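**Q** Sequence below, structure please.
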Amino acid sequence: MKPEAFGDELVRLLPRMRRFARGLARDAADGDDLCQATIERALKSSQQWQGGTRLDSWVYTIMRNIWVDQVRARNRRGQTFVAEEAGLDVGDPGDAAIEAHVELGNVGRAIDRLPLEQREAVMLVLVEGFAYKEAAEIIGCPMGTLTSRLVRGREALMRSLGEAA
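**A** Next up is the predicted model:
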């Protein structure tokens, strides 16, 4: 694939990459930084991508690896993750839009409370729409392990959102 075409494909993936990065990072700014680092590494390593395979899976694997490295580095430095600041929604027009945004925020916070393994599975399968096999390959675990993480994550989300009995 020509470098221009590769870049165009990366640009098409940006919204999904950004959503996944923010889901992993639990913070908009950190998610954007993670997305930028992923794009930079993907561009530098573009010759390693094998044509005919899914570019999105390859890029998500890069992103996950960068994220794991960042978490390890932060833990070594003793830093903690800070929740997203309140007040980002000030000025949204209309009650329906505000209510929808609040509910989306509730779901986002519920996802944020999931352990990393469950959060990854939920983000890849339920939010990004990857097949179980592809998500397992991105995470680097057996499909049964991914399925177990997804089931536990889904149950935790339903409990957290008050929908489970």
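**Q** Quick check, central residue of the protein?
**A** Nearest to the geometric centre of the chain sits residue 20, at 2.2 Å (C-alpha atoms, centre = their mean).
**Q** Assess the claim that it and residue 128 are in contact.
**A** Yes - counting by C-beta atoms under 8 Å, residue 20 touches residue 128, with 5.8 Å between them. For glycine as for every other residue, the C-beta is placed from the backbone atoms N, C-alpha and C.
**Q** ok, residue 131 to residue 138 distance?
**A** Residue 131 sits at a distance of 11 Å from residue 138 (criterion: C-beta to C-beta, to the nearest Å).
**Q** Could you do residue 106 as well?
**A** On the measure of C-beta to C-beta, residue 106 and residue 138 end up 27 Å apart.
**Q** between these two, who's got more neighbours?
**A** residue 138 (25 against 13; other C-beta atoms under 10 Å).
**Q** Counting by contacts, list what the strand or helix carrying the more buried one packs against.
**A** Element membership of residue 138, judged by DSSP states H and E, is helix 132-139. With contacts defined as 3 or more C-beta pairs under 8 Å, 6 or more residues apart in numbering; DSSP states H and E, helix 132-139 has these neighbours: helix 55-77, helix 116-121, helix 143-160.
**Q** Make CSV from these and add distance to residue 7, mean neighbour count and mean pLDDT to it.
**A** Shown next, in CSV, are these (distance: least, C-beta to C-beta, whole Å; neighbours: other C-beta atoms under 10 Å; pLDDT from 0 to 100):
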stretch, distance to residue 7, mean neighbour count, mean pLDDT
helix 55-77, 11, 16, 85
helix 116-121, 27, 21, 91
helix 143-160, 31, 17, 92
